[in-house]
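**Q** Got a predicted model here, sequence first, then my questions.
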Amino acid sequence: MLKGFFNVPVPVNEPILGYAPGSKERELLKAALAESRSKVIDIPMYIGNKEVFTEEKGKITPPHDHQHLLATYSKGSKSHVQQAIDAALAAKADWENLAWEHRAAVFLKAADLIAGPYRYKLNAATMLGQSKNAFQAEIDSACELIDFLRFNVSYMTEIYKQQPPVSPRGSWNRVEQRPLEGFVFALTPFNFTAIAGNLPSCVAMMGNVVVWKPANTQIYAANVIMEVFREAGLPDGVINLIYASGPDAGDVIFAHPDFAGIHFTGSTGVFQDIWKTIGNNIHKYKTYPRIVGETGGKDFILIHGSANEEVSSTAILRGAFEYQGQKCSAASRVYVAKSTWPKIKELLLRDLATLKMGPTEDFSNFINAVIDEKSFNNLAKYIDAAKKDKGVEIIAGGNYDKSKGYFIEPTVLVVDDPKYTTMCEELFGPVLTVFVYEDKDFDKTLDIIDTTSIYALTGAVIGQDRYALEKATHRLRNAAGNFYINDKCTGAVVGQQPFGGARGSGTNDKAGSMINLLRWVSPRTIKETFDPPKDYSYPFLAED
């Protein structure tokens, strides 16, 4: 076995390709989209060394073209969940004993595969399966996932380098970072392919084995991620990809004595139910499970009277409506100083009028479809209620149509009551609510922002008055785990802004940082004494 203290490649953020007309990447991506649309594939589960197909199939269709069949996938049962656990535990000893640099090499290779031969296939899968436009797919399924893989390898080495600073003469103190004892469950969302890839891979990187269940609406791209991991040389059984129902998976996983942790991104309600189940079953486990989760948000933008109107309008539009407002960081409530509102409103409505909405395959479309019919119907319900409320003015959008795809216009509500329903409840779609406050009520508005929502994920303040910016930054310190000054409240970048929130938004374990990886190891302290004592007595015991 090779011996040495190895330095990993220094990570840098993956450059974002522009996909401008006439560019090579635009041509390659359009070819990948055409190739994906030209056939219907049958997607298996990946359990151990087997591709598992079942007779019961689910259908995958583009949210913006729900009559077109992209793929079928094999639905799993409780027996498949058990098989995945067994496969993970069977792979555990070899994987955790593999030298860390070889684990690192697997994921560094996966990053290069995504940056190179798989870039357009994975982006196309995200565009078709999750209705992301070319830019949103590029910053997600290509750049962010590549960044997660490369930066996490670097963070892993930083963790391993952390050692006790003192070893007195005659002894040597050291710390080793053991993987958790058991398996980890990764439960991933629809809205980011990068999150779907990161949640299982960062856990596995630290020597753990994983059972991975993606959202059904993300399976199409998840399958490509698994292809990448396998080509990168990930051993069989280290990450097992299953498509069982949530209740079936939970019944088996949360009752298993070797359950060691969950890495979760999804809704607050589901996460809280999982936490309760784990608590009720705590006596069954060999060890206390690690519970790491990033959940919902009711993210805000606060605009001070000193704000630049063009900066404000752009931050609102991009923050609220990129990817149809389906980012957990998306702006869904805005508080605007009355003195700035007329101009911001004018600019916002001007720009909204230029946005095109339609399928992702047409690169001129800024707005695409929401993820599925359930989401569409829920958003339509809120819009219809707003139309009937005398305290609400709809100044943009308000229309929707699901005949071809699940399309909802970017909708802006202006409300009289800062505690109106859509200012408080998470909608997860292209519906933005604005409250206009009196400039003199800035301090009061800070209190309203801090107390309106159970969430604390992202937030932004825009203004030129440094005293106001400082005040907002301090007063809203618990209202957002990711806080932005003079920018939109979305767009966290791995290696730059570690992501996560507290309160009802999760455990704030900061994906894209060393903090998160520390949750997937269990340190052991070792003290070695070179010349140990041979007499029990101490000098103080001697008689005077």
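**A** Looks like it came in fine.

**Q** just so I have it, where are all the helices in the stretch 1-150 of the chain?
**A** Ranges of helices in the stretch 1-150 of the chain, per DSSP state H, counting those that start in this stretch, are 24-37, 78-97, 100-115, 119-130, 134-137, 145-161.

**Q** and among those, the most buried is which?
**A** Comparing the helices of the stretch 1-150 of the chain by mean neighbour count (mean count of other C-beta atoms under 10 Å), helix 119-130 ranks first with a mean of 26. C-beta here means a position set from N, CA and C on the backbone, and glycine is covered the same way.

**Q** Show me what that one is in contact with.
**A** Here helix 119-130 makes contact (C-beta atoms under 8 Å, 6 or more residues apart in numbering) with 25, 28-29, 31-33, 35-37, 60, 62-63, 70, 114, 132-134, 137-138, 140-142, 145, 190-191, 193, 217-221, 223-225, 228, 360-361, 371.

**Q** any idea of the mean pLDDT in it?
**A** Per-residue pLDDT values over helix 119-130 give a mean of 98.

**Q** Going forward, the N-terminal residue is numbered 3.
**A** With 3 as the first residue, the last one maps to helix 121-132.

**Q** From residue 165, how far out is the residue lying closest to residue 145 once chain neighbours are set aside?
**A** In space, residue 145 comes closest to residue 16 once its chain neighbours are excluded; the distance is 4.3 Å by C-beta to C-beta, 6 or more residues apart in numbering. As judged by C-beta to C-beta, to the nearest Å, residue 16 and residue 165 stand 31 Å apart.

**Q** Those two: which has the busier surroundings?
**A** When residue 16 and residue 165 are compared on other C-beta atoms under 10 Å, the one with more neighbours turns out to be residue 16, at 21 against 11.

**Q** so what's the most centrally placed residue in the chain up against?
**A** With distances taken as C-alpha atoms, centre = their mean, residue 197 lies nearest the centre of the chain, 4.0 Å away. By C-beta under 8 Å, 6+ apart, the residues touching residue 197 are 190-191, 267, 513.

**Q** Let's see that with 6 Å instead.
**A** 190, 267 (C-beta atoms under 6 Å, 6 or more residues apart in numbering).

**Q** after the host helix or strand of it comes which helix or strand?
**A** Using DSSP states H and E, residue 197 sits in helix 195-207. The C-terminal neighbour of helix 195-207 among helices and strands, as given by DSSP H and E, is strand 211-216.

**Q** Can you give the distance of that next one from its chain's centre?
**A** How far strand 211-216 lies from its chain's middle: 15 Å, per C-alpha atoms, centre = their mean, to the nearest Å.

**Q** what lines up beside it in the sheet?
**A** Within its sheet, strand 211-216 is paired with strand 185-190 (parallel), strand 241-243 (parallel), according to DSSP bridges.

**Q** returning to that earlier point: please report the distance of the residue nearest to residue 145 from residue 311.
**A** From residue 16 to residue 311 the distance is 33 Å (C-beta to C-beta).

**Q** go on, residue 107?
**A** For residue 107, the distance to residue 311 - C-beta to C-beta - is 51 Å.

**Q** before we move on, back to that, ok, now which ones touch the residue nearest to residue 145?
**A** Residue 16 neighbours (C-beta under 6 Å, 6+ apart): 145, 148-149.

**Q** Output the residues you listed in JSON lines; the columns should cover pLDDT and distance to residue 346.
**A** Listed next are the contacts of residue 16 as JSON lines, based on pLDDT from 0 to 100; distance: C-beta to C-beta, whole Å:
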{"residue": "145", "pLDDT": "98", "distance to residue 346": "30"}
{"residue": "148", "pLDDT": "98", "distance to residue 346": "36"}
{"residue": "149", "pLDDT": "98", "distance to residue 346": "33"}
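
**Q** could those residues go into CSV alongside distance to residue 174?
**A** Below are those laid out as CSV (distance: C-beta to C-beta, whole Å):
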residue, distance to residue 174
145, 43
148, 39
149, 37
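
**Q** burial measure for residue 450, as a count.
**A** 18.

**Q** Among the helices of the stretch 3-152 of the chain, which comes closest to residue 250?
**A** Of all the helices of the stretch 3-152 of the chain, it is helix 80-99 that lies closest to residue 250, at 4.8 Å by C-beta to C-beta.

**Q** Looking at that closest one now, give me its mean pLDDT.
**A** 98.

**Q** Outside of it itself, which residues are in contact with it?
**A** Residues contacting helix 80-99 (C-beta under 6 Å, 6+ apart): 49-50, 181, 185, 209, 211, 213, 239-240, 242, 244, 246, 250-251, 254.

**Q** before we move on, what about stretch 276-288?
**A** For stretch 276-288, the surrounding residues in contact (C-beta under 6 Å, 6+ apart) are 256, 259, 261, 291.

**Q** Which among these count as buried?
**A** Using 16 or more other C-beta atoms under 10 Å as the burial test, the contacts of stretch 276-288 include 256, 261, 291 as buried.

**Q** where does the second one fall, phi/psi-wise?
**A** When you say that, I think you mean residue 261. In terms of degrees, to the nearest 10, the main-chain angles of residue 261 are phi -70, psi 120.

**Q** SS state for residue 336?
**A** Of the three states, residue 336 takes strand under DSSP: H, G, I helix; E, B strand; the rest coil.

**Q** That one and residue 436 touch, don't they?
**A** Yes - proximity of residue 336 to residue 436 meets the contact threshold set by C-beta atoms under 6 Å, at 4.7 Å.

**Q** Tell me which of those two has more neighbours.
**A** Neighbours were counted for residue 336 and for residue 436 using other C-beta under 10 Å; residue 336 has more, 29 against 23.

**Q** Any buried residues in stretch 42-52, and which?
**A** Within stretch 42-52, the residues that count as buried by 16+ other C-beta under 10 Å are 45-50.

**Q** got it, and stretch 493-509?
**A** By 16+ other C-beta under 10 Å, the buried positions in stretch 493-509 come out as 493-494, 496-497, 500-503, 505-509.

**Q** And those, which two are furthest apart?
**A** 497 and 506 (26.9 Å).

**Q** Tell me how far the nearest residue to residue 155 once chain neighbours are set aside lies from residue 333.
**A** Distance criterion C-beta to C-beta, 6+ apart; nearest residue to residue 155, sequence neighbours excluded, is residue 106 at 4.7 Å. Per C-beta to C-beta, residue 106 is found 37 Å from residue 333.

**Q** just to revisit the earlier point, in TSV: the buried residues of stretch 42-52, plus distance to residue 530.
**A** Converted to TSV, the buried residues of stretch 42-52 look like this (distance: C-beta to C-beta, whole Å):
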residue	distance to residue 530
45	51
46	49
47	46
48	42
49	42
50	39
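
**Q** Those into TSV, with extra columns for distance to residue 315 and pLDDT?
**A** Below are the buried residues of stretch 42-52 laid out as TSV (distance: C-beta to C-beta, whole Å; pLDDT from 0 to 100):
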residue	distance to residue 315	pLDDT
45	42	98
46	47	98
47	46	98
48	46	98
49	50	98
50	53	98
